[in-house]
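Visitor: This is a predicted model, with the sequence first.
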Amino acid sequence: MKRRTFRLPTQTAAIAAGTVAGIVGGFVKLGWENVLPPRTPDRDKVNPPMTLLHQIGVPNKILDSTYTYSDHKISWPSLAVHFAFSTGFGVFYELAARHVPVLKAGHGIPFGLAVFGIFHHGLLPALGTVPRAKDQPVEEHLSEALGHAIWMWSINELADQLLAAKTKA
């Protein structure tokens, strides 16, 4: 008797894999920033996600919201932006790679570096969220470039493993 298996449609599987991998990638990027912090403590008092939320008019009542864990006050709005960004790019990457396979070249590392360049050297400085690229310290460029490379590599590898597991009969 032949065993029947349920297979998700390709797009749905890519969305699911991108979502899970994006969440895990968000944790990878947070961990990376603990090893090589991208900003000085003074510049990190209000980090780019919080600055962006302020720029788009999110009320201070929300911006000041925290939760406490092990006596640390943690900004949940900042984490929400961080994980939304990571998950959104995880899903986008997995869906886009179905149509543009070259995006998977280098296990996602060039894609991660492109995201870094577009956001940290282009969009965020243009919005005034972060200083112009030439006004950022070299340590910030190094941390963010390597962090985005390992972030997207981790998303690529986990999503590939999840999708491979779905296709096994």
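Guide: Received the coordinates, thanks.

Visitor: so what does the lowest-mean-pLDDT helix or strand in the chain touch, helix or strand wise?
Guide: In the chain, the helix or strand scored least confidently by mean pLDDT, DSSP states H and E is strand 72-75, which has a mean of 92. Strand 72-75 sits against strand 66-69, with contacts defined as 3 or more Cβ pairs under 8 Å, 6 or more residues apart in numbering; DSSP states H and E. Heads up, the C-betas are built off the backbone N, CA and C, glycines and all.

Visitor: chain center to the strand it packs on, what's the gap?
Guide: 22 Å (Cα atoms, centre = their mean, to the nearest Å).

Visitor: which residues are in contact with it?
Guide: 73-76 (Cβ atoms under 8 Å, 6 or more residues apart in numbering).

Visitor: cool, and stretch 23-40?
Guide: For stretch 23-40, the external contacting residues (Cβ under 8 Å, 6+ apart) are 44, 47, 82-83, 85-87, 89-90, 137, 139-140, 142-144, 146-148, 150-152, 154-155, 158.

Visitor: mind checking how far stretch 94-111 is from the chain centre?
Guide: That offset, for stretch 94-111, works out to 15 Å (Cα atoms, centre = their mean).

Visitor: What is the end-to-end distance of that stretch?
Guide: By Cα to Cα, to the nearest Å, the extent of stretch 94-111 from end to end equals 12 Å.

Visitor: Buried residues of that stretch, list them for me.
Guide: Within stretch 94-111, the residues that count as buried by 16 or more other Cβ atoms under 10 Å are 94, 96-97, 103-104, 107-109, 111.

Visitor: the helices in this structure, which residues?
Guide: For the chain, the helices defined by DSSP state H cover 10-35, 48-55, 60-63, 76-99, 109-116, 124-127, 138-167.

Visitor: Those helices into CSV, with extra columns for distance to residue 69?
Guide: Shown next, in CSV, are those (distance: least, Cβ to Cβ, whole Å):
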stretch, distance to residue 69
helix 10-35, 13
helix 48-55, 18
helix 60-63, 19
helix 76-99, 11
helix 109-116, 28
helix 124-127, 28
helix 138-167, 23
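
Visitor: Sweet, I'm off.
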